[in-house]
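1. From the sequence below, what's the structure:
(one chain, ligands or ions: 1)
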Amino acid sequence: MDTDLLTLVEHLRQEFESKTQRWISKNQEEGLLDAVFCRRGCVHCCTFAVQTTLLEAFPIAAQVTPEVAALLEKRVERLVELAESALDVDDFDERHRREPGLCVFLNAAGACSIYEIRPFGCRQTISTLPAQFCAPGVPVGLTDSEAETYQAFLDFSPISNGEHHFAASIMDWGSTCSDILLELMQQNWGFSIEGELTVLVFLLLDADFQTAWTHRDISGLKQWVRYKGVGHPFLFTLETGD
Ligand code: SF4
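-> Residues are numbered from 1 along each chain as shown. Prediction:
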């Protein structure tokens, strides 16, 4: 793997973290944010389908233990079934929060085992309300008073985008960082790959996928992804520059 590209990914992560800290401090000082409620052991957001770029998946794949590799294989099987049976991407995202279980990178203590190198898709999810508001299905399951608090936040808080209680600006920066990485891949390889986190890591553990990537063999990559059964667009996307 090109170490210059990985260094750029690391710089982008650091920049993202500094910008996030500045955003938190500024909004706390201005009274717009009580606190960031994300804590070790609070795992609600680790039920989301995490969209990831291949550049972010490389260092993660390098850290996978045999135990996690076994979990990945089973998880990918479930995700393929889910993608194939989902009505649309919203149905896939919603069922992903309930059906396949928690992320395979959570350790027994409920902490992210790849925290330092977790993708932007995870970094950008910063809760501005307490944990109960992050549970799958919210606002279903909230008490009447919690539901009122939630709706008032969505309707009136300047740090909300009106759709959810995760810090909207930080989510936008995360998307921008992902776009930068997709562009870097296009410039350096002539194609870009993104997809569901566990699917990309699963593919990178495969020697044939690695060989096709090393040779920048686009048709070989596509063929291998189809052969592995993970080519569904909710799970894997390869874009060429043309
Ligand atoms: S990679 Fe880490 S932060 Fe992201 S969903 Fe998995 S356990 Fe949670």
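2. does any part of the helix or strand harbouring Phe16 sit near the ligand?
-> Using DSSP states H and E, Phe16 sits in helix 3-29. No - Helix 3-29 stays clear of the ligand (Cβ under 6 Å from any ligand atom), getting no nearer than 13.2 Å. Using the backbone N, CA and C atoms, a C-beta is placed for each residue, glycine as well.
3. and the closest residue to Asp2 other than its chain neighbours, how many neighbours?
-> Nearest residue to Asp2, sequence neighbours excluded (Cβ to Cβ, 6 or more residues apart in numbering): Asn188, at 6.8 Å. Asn188 has 15 neighbouring residues, counting by other Cβ atoms under 10 Å.
4. Flag every buried residue along the strand or helix carrying Glu73.
-> Using DSSP H and E, Glu73 sits within helix 66-85. Within helix 66-85, the residues scored as buried using 16 or more other Cβ atoms under 10 Å are 68, 71-72, 75-76, 79-80, 82-83.
5. again with stretch 40-48
-> Applying 16+ other Cβ under 10 Å to stretch 40-48 flags 43-48 as buried.
6. how would you label the residue lying closest to Val89 once chain neighbours are set aside: helix, strand or coil?
-> Excluding the flanking residues, the one nearest Val89 by Cβ to Cβ, 6+ apart is Phe234, at 6.0 Å. Of the three states, Phe234 takes coil under DSSP: H, G, I helix; E, B strand; the rest coil.
7. How about the contacts made by Phe234?
-> By Cβ atoms under 8 Å, 6 or more residues apart in numbering, the contact list for Phe234 reads 49, 83, 86, 89, 92, 196.
8. Output those as a markdown table; include the columns pLDDT and distance to Gln124.
-> Shown next, in a markdown table, are the contacts of Phe234 (pLDDT from 0 to 100; distance: Cβ to Cβ, whole Å):
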| residue | pLDDT | distance to Gln124 |
| --- | --- | --- |
| Ala49 | 96 | 14 |
| Ala83 | 97 | 22 |
| Ala86 | 97 | 23 |
| Val89 | 96 | 18 |
| Phe92 | 97 | 19 |
| Glu196 | 98 | 16 |
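9. Show me what counts as buried in the strand or helix carrying the residue nearest to Asp2.
-> Asn188 is part of helix 168-189, with elements assigned from DSSP H and E. By neighbour count with 16+ other Cβ under 10 Å, helix 168-189 contains the buried residues 168, 170-171, 173-174, 177-178, 181-182, 184-185, 189.
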